[in-house]
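J.: Got a sequence here, can you build the structure:
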Amino acid sequence: MNANVIAFLRTLTDEYLDNELTPAIGKTMARHLWMYEENRVKDKEKIQALEDIINQLKGEKGKVNIPANKDKSKDISSEKERNPDPPKQSKGRGARNHKILITREEKCYYPRDQLPPDAIFKGYQPVIVQNIKITQDNVRFLLEIYYSPSTNKTYRAHRPAGYEGEYGPGVRTFILSQKHIGNMSESCIQSLLSSYGVHISQSSISRISRKDIALFHEDAAEILKAGIISADYINIDDTGARVNGNQQYTQILCNPFFTAYATIEHKNRLSILKTLLMGAELQFQFDDATFELLELFKVPEKVREYLKINCNGKTLNLKDLDCYLKAIPSKNRNPDQLHRRIMEAAGIVWYNNQDEIPIVPGFISDDAPQFRHITGWHALCWVHAGRLVKKLNPSTPIFQEEVDRVLTEFWDYYHTLLEFQKSPDTFNIDELRDRFNRIFNRTTGYLDLDKILQSILSNKEKLLMVLKLPEIPLHNNAAELGARTVVRKRDVSLHTQTPEGTKAVDTGMTIIQTAKKLGVNALLYLNDRISLNVMERLAVTLLKKVGLPD
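T.: As a prediction, this is how the structure comes out:
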């Protein structure tokens, strides 16, 4: 097809709207044009690849693969569609004055010599000014020392709580707050402390930020446990994390009352199960449900038969299961993947049947495969589904029309579901399901859009889980906001060096983000744990918030 034909097709396609040609003709022309351009790009890439291979066989270098600049101008945010009328927040000082703690009061007097003789005193006008003081508080403790000849021992007085080492609770709290609340690098913290007259090395800051946050590891574990116990659902997501140069993944689990972080080595179901078990040993149960999952995970029939003969009705630990896995009569080219699928299926069944660890009832997530089949139910995020459509970049006006129409119907339906959540009894669920089918079970002629519509249709039950559980959110924004915290920290610190440092970062983010959701002052909480240790633990506050006994 030469350039003249292409230009002619483009002209006809552009004139489709003005000349009101039949939709079938317009769509057919646009489809042919789109298919031609797609095939032309593919053919060009194949030809280039073949030329590179020929050049390499000749001993020459192939074409350097320089990735194209990504077009960042296209806005794929769905915030306006999801929430077209956001609540207006009160602005101005008066809106926040009731939250400000008054620490002192000072009267300001008008110069008497500038007042007229008949001026009458009418009282005071209150004006609130916020201020903080940062002052040095270097202490030289004089510790009493006694010696007892009878016991041949020396007795020395103890320092006050929090004053162990050469830095007091104020400095240590400052370091932790700037590291985990302010997201500052250790070099910046050192510069700031130096300007306040504190003599401290960057290595000391690193040590304090790792060692002192260890005081909160138990808090973080309790938060995750309390969050799971109290949860009707869990929002879950993950994002990449580098640990000593190796790729790992930070898992985010949250709901309106908590956010917990856990960095794991692999992005698979086994790693998620281990996170949910909170240190308990994962075991593997084989029953009918296990073999249904094994078939769903495409484990070969011969392997399933072997496991049914040797493992059916058993609950195994990792060591015992490994013996059976090594004896599997299979010539699978990727035995590690096969073994992992078997462990995932048996581990999921055991997790949902055991009663020692609190079980997550359901996940709300994107459509990533590692989140599937773990919990009793699984709902998908509508914002993610809409984002797939919005990312499309149609090459013809008629295809753009189709995209706009689908997006309009998509968000209209989304807002209908929001109304359903407010009063479920006033809606006909069968009609809502039929409307879903009418929107997504269609063929537009735009191949990329049709693939997305079919993908959305295949996830119908997960996207419509809200019809069974009206209390769950329609999106996964909570987990995505949690992931954004990891990304911002990664922008500053790039990556962690050791497992100890990685756990310190996870714990710090868990404490700060959960305190924010519970309305607890994170700075006071950090300082309390370092010195006084009298404040209520966050896990206890969380349980009280949801009305459960602590």
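J.: Show me where this structure has its strands.
T.: 145-148, 153-156, 234-243, 246-255, 258-264, 284-285, 315-316, 362-365, 377-380 (DSSP state E).
J.: Dump those strands to TSV, plus mean pLDDT.
T.: Putting these into TSV (pLDDT from 0 to 100) gives the following:
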stretch	mean pLDDT
strand 145-148	96
strand 153-156	96
strand 234-243	94
strand 246-255	94
strand 258-264	96
strand 284-285	96
strand 315-316	96
strand 362-365	96
strand 377-380	97
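J.: Hmm, Ser455 is touching Leu388, no?
T.: Yes - proximity of Ser455 to Leu388 meets the contact threshold set by Cβ atoms under 8 Å, at 7.4 Å. Backbone N, C-alpha and C define where each C-beta goes, glycine included.
J.: The two - which one has more neighbours?
T.: Between Ser455 and Leu388, counting by other Cβ atoms under 10 Å, Leu388 is the more crowded of the two (17 against 13).
J.: isn't the more buried one right up against Ile452?
T.: Yes - taking contacts as Cβ under 8 Å, Leu388 lies within contact range of Ile452: 4.9 Å.
J.: Tabulate the strands of the chain in a markdown table, adding columns for distance to His180.
T.: Shown next, in a markdown table, are the strands of the chain (distance: least, Cβ to Cβ, whole Å):
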| stretch | distance to His180 |
| --- | --- |
| strand 145-148 | 38 |
| strand 153-156 | 34 |
| strand 234-243 | 16 |
| strand 246-255 | 14 |
| strand 258-264 | 11 |
| strand 284-285 | 37 |
| strand 315-316 | 40 |
| strand 362-365 | 26 |
| strand 377-380 | 31 |
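J.: where does this structure have low pLDDT?
T.: 1-38, 40-41, 58-77, 79, 85-94, 333 (pLDDT under 70).
J.: So if we follow the domain assignment, how does it break up?
T.: 3-55, 382-467 (automatic domain parsing).
J.: Quote the end-to-end distance of the last one.
T.: If I follow you right, that is domain 382-467. Domain 382-467 has an end-to-end distance of 14 Å (Cα to Cα, to the nearest Å).
J.: and that domain, how far from the chain's centre?
T.: The chain centroid and the centroid of domain 382-467 are separated by 24 Å, computed with Cα atoms, centre = their mean, to the nearest Å.
J.: The nearest residue to Phe399 once chain neighbours are set aside: neighbouring residues, count only.
T.: Excluding the flanking residues, the one nearest Phe399 by Cβ to Cβ, 6 or more residues apart in numbering is Tyr446, at 4.3 Å. When counting by other Cβ under 10 Å, one arrives at 25 neighbours for Tyr446.
J.: Roughly how far does Tyr446 sit from Asp412?
T.: Tyr446 sits 20 Å away from Asp412, going by Cβ to Cβ, to the nearest Å.
J.: The residue nearest to Ala161 when sequence neighbours are not counted: what's it in contact with?
T.: Once flanking residues are discounted, Ala161 sits nearest to Ser531: 5.4 Å by Cβ to Cβ, 6+ apart. By Cβ atoms under 8 Å, 6 or more residues apart in numbering, Ser531 lies in contact with 160-162, 169.
J.: Drop anything exposed from those.
T.: 162, 169 (16 or more other Cβ atoms under 10 Å).
J.: Just send the contacts of Ser531 back as JSON lines, with distance to Ala220 too.
T.: Formatted as JSON lines, the contacts of Ser531 follow (distance: Cβ to Cβ, whole Å):
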{"residue": "Pro160", "distance to Ala220": "27"}
{"residue": "Ala161", "distance to Ala220": "22"}
{"residue": "Gly162", "distance to Ala220": "20"}
{"residue": "Pro169", "distance to Ala220": "20"}
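J.: pretty sure Leu542 contacts Thr259?
T.: No - using Cβ under 8 Å, Leu542 makes no contact with Thr259, being 11.0 Å away.
J.: intersection of neighbour lists for the two?
T.: By Cβ under 8 Å, 6+ apart, the residues touching both Leu542 and Thr259 are Thr514.
J.: Tell me, how many residues neighbour the residue nearest to Gln190 when sequence neighbours are not counted?
T.: Spatial nearest neighbour of Gln190, excluding adjacent residues (Cβ to Cβ, 6+ apart): Gln202 at 4.9 Å. Gln202 has 13 neighbours, counted by other Cβ under 10 Å.
J.: Kindly report the same for Gln337.
T.: 12.
J.: That one and Val403, how far apart?
T.: From Gln337 over to Val403 (counting by Cβ to Cβ), the distance is 37 Å.
J.: Just put the domains of the chain in a markdown table and tack on distance to Asn246.
T.: Below are those laid out as a markdown table (distance: least, Cβ to Cβ, whole Å):
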| stretch | distance to Asn246 |
| --- | --- |
| domain 3-55 | 31 |
| domain 382-467 | 28 |
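J.: Pick the most deeply packed of those domains.
T.: domain 382-467 (a mean of 16; mean count of other Cβ atoms under 10 Å).
J.: Go ahead and confirm Met390 touches Leu407.
T.: Rather than Met, residue 390 is Lys. Yes - counting by Cβ under 8 Å, Lys390 does reach Leu407; the two are 6.5 Å apart.
J.: Isn't Ala346 up against Ala289?
T.: No - between Ala346 and Ala289 there is no contact under Cβ under 8 Å: 9.7 Å.
J.: Looking at these two, which one has more neighbours?
T.: Using other Cβ under 10 Å as the criterion, Ala346 and Ala289 rank with Ala346 on top: 27 against 15.
J.: how much space between the closest residue to that one other than its chain neighbours and Ile272?
T.: Leaving aside its chain neighbours, Ala346 sits nearest to Phe284 (3.5 Å; criterion: Cβ to Cβ, 6+ apart). According to Cβ to Cβ, Phe284 stands 15 Å off from Ile272.
J.: of these two, who's got more company?
T.: For Phe284 versus Ile272, neighbours defined as other Cβ under 10 Å are more numerous around Ile272 (28 against 24).
J.: give me every residue that touches the more buried one.
T.: 236, 251, 264, 370-371, 374.
J.: isn't Thr250 right next to Thr239, touching?
T.: Yes - between Thr250 and Thr239 there is a contact at 5.6 Å, judged by Cβ under 8 Å.
J.: higher neighbour count, the two?
T.: Shown here are Thr250 and Thr239; by other Cβ under 10 Å, Thr250 has more neighbours (25 against 19).
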